[in-house]
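> how does the following fold in three dimensions:
(chains A and B)
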Amino acid sequence: MADPIKVYPPKPSHVYFYATCLIDMFYPDAGMAGIQLLEREGIKVCFPEDQTCCGQPAYTSGYHDEARAVAKAQLGLFPEDWPIVVPSGSCGGMMRKHYPSLFKDTDHEVKAAEVAARTWELTDFLLNVCHIKLKDLGEPTTIAMHTSCSARREMGVAEVGPKLIGQLQNVNLVEQVRAEECCGFGGTFAVRHPEISGAMVSEKVDTLTDTGAEAFVTTDCGCLMNISGYAEKNGKPLAGQHIVSFLWERTDNGSGS
Amino acid sequence: MSQASSEDPHHIDVKEFHPRARAAIADPKIRQNFRKAMDGLISKRKDAFEGMDLEALRDLGANIRLRALANLPDLLEQLEKKLTENGIKVHWAIDGDEACRIVRDICVARNAKTVIKGKSMVSEEMELNHYLEEHDIKALESDLGEYIVQLAGETPSHIIMPAIHKNTGEISELMHEKTGTDLSNDVEYLTASARQQLREKFMNADVGVSGVNFAVAETGTLCLVENEGNGRMTTTVPPCHIAVTGIEKVVGNLEDVAPLLALLTRSATGQHITTYFNMISSPRKPEELDGPEEVHLVLVDNGRSSIYQDDELLDTLRCIRCGACMNHCPVYTRVGGHTYGTTYPGPIGKILMPHLIGLDEGRHLPTASSLCGACGEVCPVKIPIPDLLVRLRRESVDGDKLNPAKVRGHGAKRGTLEALVWKGWSWMHARPGAYRFGTAVAARLRKLQPGQLGGWTEYRTAPRLAAKTLHERMKERGQ
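Modelled structure (predicted):
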């Protein structure tokens, strides 16, 4: 299901940063880290002030009129032809994969397809467009990684996170069993089917903890909220971070912030 | 179909998904049996495709099925013509009840009292055993898994491995209780006992009923995939063989079968090929020593032609019933097949059953997914299952004025309060000023944030709002 025609553009002078509503309200540090990583690569980052939410929660719940109204308000935020970089596989997938079908046969069809085509998941963009080279300044540590299902299957970036972490010489990345299995977040699924979602996240926390890792990183704040929230409630010693927060913290020498 | 009828004593209320899911999740045996089995199947499938260009093969499989569906009406006519020329009698059934009546009429005409059955999910869909029993015809399942499920008075919990919800110990106890075999954990012994009992039934059965994996239009050939030899026995030993299948199982040409078979067995059980592969093209010819005198094919519609009318939903009919979507589904693995309360469980059931029973009855099915996409990723014929789940969610709440809902029973899940919540959500997120104001106020008041958030906080702590939104921080930065 990964986009079969992903052609990376040359490294641009500017990008739009689409932060996502979860990062805006719950994890702004991850948003700042993403912006600073891009800026350190010499890219000017434009943060459209009028951004809100990509519309995905209503879309996956079946309320497409409501999703379309919200998505439509995002389509006008990117007037220049710069890439749109999203620190989430899930919201990135919504924009890249689902905007074209959501606006099919409407006046916004062309615009939606055009926005979709230049939407990139942030880590993919850092590795494959910026060709980022990370210099690890942190203490030795062992971590695990959970790649969100949408980052893995809609955006096709499952190999990106491990490659970025692989550049950090003091970080030992360990893989949990059933790494490709969903953590159980699924947006409104976690609330509609709490018992199933709860069973899924409990096993995800177990497999992550079993690796012996001190912490885990993930591509998506939905997964982060789910996995960390379960670990915290159940007293499991597993800290979590968005991958870009981790990458920034380990490589920031104080000059970029 | 009778599944939707509340007068049926076998009736399972599909709407009661939640209580069944809770019970399954609380049952360590169910959890262990499914986890162990699914882990095994996932790894076998992976090994079986090792070294093959899986994407190219899946593309080929998808295209073969798409081509067949594009020509479905013509292919069905061609199939009927060829089968008739070959001496196989073709029957058409609009629904499960009519298909049951056809099977019964054939039995009655032959004065048949006992039927031996090979594995057939369409016959489960028809609830054939139950129907025949009501009409004094005894039907016995000969597939080992189906036999176990029948002994237990249950329905299959998986379309390929019907008794996957039971472990060896449970099967041993069941067989001991129902057939008098010794209690044993020796799988060989249990299998041999079942085989012994079934062998006698085969010899005495009046009619054999089987399913069909692929029906080839150009040659009039019915292909049947199986591992136990029971399919071959069912279709050759009794004097009359009745095959039942959905109308979508037809393919154009014999050469279409090889790639589909390669995909089917590897996706289903991780086998390069099954132990038996039967190609049935006629009743016994005068010079032949064995085989049935009479062969029938019952082509069952049961809602399929209405799925066929819709360009997007049509993809559901590509399915070759391998079960890989359920094997890889994190929800199915947790709750097991019976929780769904439908003939076809798991991801394929979630997109197929709403058409067969109506979206009102099946309203919870499309929601029982995290949309993780594992099903779509492994589907050998590339059915976009997650997209179809979203489509059915949309239909179940009548959520799109631009694309009015079409599936029977649409709109049944639309609740006034929920619709209002989404309207409010949409209003705020479509107005950047309102959004920025609202989120900034929420950040200020974060200490007042409720600690309990329904189902979320049963298992997790509540997410904590940041002191300042990213919007505010960017504003401070001068951007």
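
> residue closest to the middle of chain B?
With distances taken as CA atoms, centre = their mean, B:Y344 lies nearest the centre of chain B, 3.2 Å away.

> in this structure that residue contacts B:M121, no?
Yes: assessed by CB atoms under 8 Å, B:Y344 is found in contact with B:M121 at 6.8 Å. For the C-beta atoms, the positions are set from N, CA and C on the backbone; glycine is no exception.

> which neighbours do these two share?
Residues touching both B:Y344 and B:M121 (CB atoms under 8 Å, 6 or more residues apart in numbering or on different chains) are B:I159.

> what is the burial count for the residue nearest to B:G451 when sequence neighbours are not counted?
Of all residues not flanking B:G451 in the chain, B:A462 sits nearest, at 5.7 Å (CB to CB, 6 or more residues apart in numbering or on different chains). For B:A462, the neighbour count with other CB atoms under 10 Å in any protein chain shown is 16.

> hang on, B:A462 is in a strand, isn't it?
No: per DSSP: H, G, I helix; E, B strand; the rest coil, B:A462 lies outside any strand segment and is coil.

> the lowest-mean-pLDDT helix or strand in chain A vs chain B: in contact?
Across the helices and strands of chain A, mean confidence by mean pLDDT, DSSP states H and E is lowest for helix A:189-192: a mean of 94. Yes: applying CB under 8 Å from any CB of the partner chain, one finds helix A:189-192 in contact with chain B at A:189-192.

> pLDDT weak spots in chain A?
In the predicted model, chain A carries pLDDT under 70 at residues A:1-4, A:255-257.

> which bits of the stretch 201-350 of chain B sit near chain A?
Within the stretch 201-350 of chain B, the positions adjacent to chain A are B:330-331, B:334-335 by CB under 8 Å from any CB.

> which of the residues you listed are buried?
Neighbour counting over those (16 or more other CB atoms under 10 Å in any protein chain shown) leaves B:330-331, B:334-335 as the buried ones.

> before we move on, back to that, what's the spacing between the residue nearest to the centre of chain B and chain A?
B:Y344 sits 19 Å away from chain A, going by CB to the nearest CB, to the nearest Å.

> tell me which helix or strand the residue lying closest to that residue once chain neighbours are set aside sits in.
Excluding the flanking residues, the one nearest B:Y344 by CB to CB, 6+ apart is B:L352, at 5.4 Å. Element membership of B:L352 [criterion: DSSP states H and E] is helix B:346-357.

> got the buried residues for the lengthiest strand in chain A?
Identified as the longest strand of chain A according to DSSP state E is strand A:141-146. For strand A:141-146, a neighbour-count test (16+ other CB under 10 Å) marks A:141, A:143-146 as buried.

> could you pull out the strands for the chain?
No chain was given, so I picked chain A. So, for chain A - with DSSP E - the strands run A:14-17, A:44-46, A:84-86, A:119-121, A:141-146, A:171-174, A:215-218, A:239-242.

> you answered for a different chain; I wanted chain B.
B:89-93, B:114-117, B:138-141, B:207-210, B:214-216, B:221-226, B:240-246, B:250-251, B:276-280, B:294-300.

> output the contacting helices and strands for the fourth one.
Identification of packing neighbours for strand B:207-210 by 3 or more CB pairs under 8 Å, 6 or more residues apart in numbering or on different chains; DSSP states H and E yields helix B:96-109, strand B:114-117, helix B:230-236, strand B:240-246.

> now do 6 Å
Contacts defined by 3 or more CB pairs under 6 Å, 6 or more residues apart in numbering or on different chains; DSSP states H and E place strand B:207-210 against strand B:114-117, helix B:230-236, strand B:240-246.

> and if you look at the third one?
The criterion is 3+ CB pairs under 6 Å, 6+ apart, and the helices and strands that strand B:138-141 contacts are strand B:114-117.

> give the pairing partners of the strand it packs on; include direction for each.
strand B:138-141 (parallel), strand B:207-210 (parallel) (DSSP bridges).

> would you reformat the ones you listed as a markdown table and include mean pLDDT and mean neighbour count?
What follows is those, written out as a markdown table (pLDDT from 0 to 100; neighbours: other CB atoms under 10 Å in any protein chain shown):
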| stretch | mean pLDDT | mean neighbour count |
| --- | --- | --- |
| strand B:138-141 | 96 | 20 |
| strand B:207-210 | 98 | 28 |
